[in-house]
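Chemist: Got a sequence here, can you build the structure:
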Amino acid sequence: MKIGQMFLVGFRGSEVDSTDWIARSIKDYHLGGVILFDLNISGAVQNFDSPSGLTRLVDSLHSFAQTPLLVAVDQEGGKVCRLKEKNNFPAICSAAAMAKEGFNKTRQQADLLAHTLHTHGINLNFAPVIDLNLNPTNPIISKFERSFSDSVSEVVAHAELFIEEHHKYGIACCIKHFPGHGSAKNDSHLGFVDVTEDWQKIELEPYRVLINDGYCDGVMTGHLVHRGLDQEGRPATLSKLMINNLLRRDLHFSGVVFSDDLQMAAITKGWTYRQAVQEAIIAGVDMLVIGNNLCNQENAVEEGIEAVTELLEQGRVTEDRIQQSIKNIWCLKQKIGGKRPWKNNNRPTVW
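Modeler: Numbers count the residues shown, from 1 in each chain. Model prediction:
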C-alpha cells in the first residue's frame, strides 16, 4: 500500500540530488507530491528565484518519481503569487482585479498563468479561491483581493473560466477554502479561527455549483471552526462531519480532498504532527499538505506514514479507507496525464 501518495510536502533548496531527503521520499516512500515556494517565512529563497532555476528543479523532481508526481504551487495572482514578476515571470493580477475587468480578463490572465506553469512542469495549482468576499475587513481574503466577488454567480463564472484554462494545459486546480473563509475575521495562519457567528450558508453555494458542473479536481479544507457544523469545535481539516458528511455526502464531491498546510498555527497550537495527520485521515482528507515553509520538518513523510500505519494497526481506519484516498489521488493524476476526462465525477474503484 503506497501510503506516501497521501502526502504533498515542501522542502528547502533550489537543487535536489539523489541523496536529499525529498528525493529519497519520492523514490523510497512513493511521495504523492511536492509544493514549491519562491521564499520561505524568513524571506530567504526556498526553491527558486528565476524561470530557469524553477525548470531545472522541477525536472529533477520528476526524474526521481516512479509514478506521476504532483508538483504544486499557490499561484492565484496578485499578492499570492509564487512565480513573481520581479523574478522574470509574467505578471498576474489578483482575482478581484480579474473580475473587475470582466470575463475576458479572467480568461486571458488564467491562460497566461496556466501556460507559465505548464512551461515549468507544474501540474497542480492551489487556486482559484472561491471564498465569497463577505467581510471587507477579512485579513487574509479580502485584504489581499483573493476573492472574485461577493456574488455566487460571479465567483462561479470566473472560477470556471480559470479552471478551464488550466485544464487546457493539463493542470489540475484545487478550489479553496472549504467550507468558506470569506466571512472570517481572523487568519488561520496565525491561530484558532472560529467562524460560527460569521459564516453564512451561502458560502457553500460556489462548491455546490462547481461540483455539480463537474469541476471537481480538488478541494482544500480551511482550518476553520464552525460549531454549528461540528459541535466539538474541530477545524474543518480535522472534522469528519464537515468532510465526509457535508462535502462528500451532501455536496457529492468525488475528487481529492487536500488539507491546508498542517504546519499552520491553527493546527499546531492544538495538535501534534502525528495527531493532526491521524485526525485529518479519520476526517476524510485524502492528501496531507506540509509546506515546510513556516518551519522545516524533513521527517514529515516518514513520520506521517508511521502515523497512518498506526491508525491501521489500531483498527481506527480500514485499509479500504486508505485505498480509496490513494485511488482518488491516482484518478487526479490520470486526469492530468490525459488518461481520464476532467469532468468524470465517478469515484475511482481501481488503482
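Chemist: State whether Lys335 is indeed within a strand.
Modeler: No - looking at Lys335 with DSSP: H, G, I helix; E, B strand; the rest coil, it is helix, so not inside a strand.
Chemist: which residues touch the closest residue in space to it that isn't next to it in sequence?
Modeler: Excluding its sequence neighbours, the residue lying closest to Lys335 (CB to CB, 6 or more residues apart in numbering) is Trp342, at 5.4 Å. Where you see a C-beta, it was placed from the backbone N, CA and C, and this is true even at glycine. Counting by CB atoms under 8 Å, 6 or more residues apart in numbering, Trp342 touches His167, Gly214, Asp217, Lys335.
Chemist: do Pro90 as well
Modeler: Going by CB under 8 Å, 6+ apart, Pro90 touches Leu83, Leu112, Leu113, Thr116.
Chemist: again, only this time at 7 Å
Modeler: For Pro90, the contact set (CB atoms under 7 Å, 6 or more residues apart in numbering) comprises Leu112, Thr116.
Chemist: Let me see the confidence value for the residue nearest to Lys335.
Modeler: pLDDT recorded at Trp342 is 96.
Chemist: again, but for Pro348
Modeler: 54.
Chemist: Quickly list what Gly77 is bridged to.
Modeler: With DSSP bridges applied, Gly77 shows beta-bridge pairing to Val80.
Chemist: ok, it to Thr116 distance?
Modeler: 11 Å (CB to CB, to the nearest Å).
Chemist: Specify which residue of those two has the higher count of neighbours.
Modeler: Gly77 (25 against 18; other CB atoms under 10 Å).
Chemist: Now do the same contact list for the closest residue to Asn47 other than its chain neighbours.
Modeler: Nearest non-adjacent residue to Asn47, counting by CB to CB, 6+ apart: Leu36, 4.7 Å away. Leu36 makes contact with Asn47, Phe48, Val71, Val73, Arg82 under the criterion CB under 7 Å, 6+ apart.
Chemist: before we move on, the earlier item: quick check: of the contacts of Trp342, which has the highest neighbour count?
Modeler: In terms of neighbours by other CB under 10 Å, the contacts of Trp342 top out with Asp217 at 24 neighbours.
Chemist: Can you give me every residue that contacts it?
Modeler: So Asp217 contacts Ala172, Cys173, Cys174, Gly255, Leu332, Lys335 (CB under 7 Å, 6+ apart).
Chemist: Arg56 and Lys339: what is the separation?
Modeler: Distance of Arg56 to Lys339, given as CB to CB: 27 Å.
Chemist: ok, now Cys81?
Modeler: 30 Å.
Chemist: Name the residue in those two with the higher neighbour count.
Modeler: Cys81 (22 against 10).
Chemist: my guess is that one meets Gln75, correct?
Modeler: Yes - between Cys81 and Gln75 there is a contact under CB atoms under 7 Å: 5.9 Å.
Chemist: Strands along the stretch 151-300 of the chain, start to end?
Modeler: 172-178, 193-194, 218-221, 224-225, 256-258, 288-290 (DSSP state E, counting those that start in this stretch).
Chemist: next one: the stretch 1-150 of the chain
Modeler: Counting by DSSP E, counting those that start in this stretch, the strands of the stretch 1-150 of the chain are 7-9, 33-35, 70-73, 75-77, 80-81, 124-125.
Chemist: Confidence-wise, which helix or strand of the chain is lowest on average?
Modeler: In the chain, the helix or strand scored least confidently by mean pLDDT, DSSP states H and E is strand 193-194, which has a mean of 88.
Chemist: and it, what does it pack onto?
Modeler: Applying 3 or more CB pairs under 7 Å, 6 or more residues apart in numbering; DSSP states H and E, we find strand 193-194 packed against strand 224-225.
Chemist: can you give me the end-to-end distance of stretch 200-217?
Modeler: 24 Å (CA to CA, to the nearest Å).
Chemist: What mean pLDDT does that stretch get?
Modeler: 97.
Chemist: what does stretch 320-338 give?
Modeler: Predicted confidence along stretch 320-338 averages 97 (mean pLDDT).
Chemist: now stretch 231-244
Modeler: Per-residue pLDDT over stretch 231-244 has a mean of 97.
Chemist: for stretch 61-73, same thing?
Modeler: Confidence for stretch 61-73, expressed as mean pLDDT, is 97.
Chemist: Likewise for stretch 292-310?
Modeler: 97.
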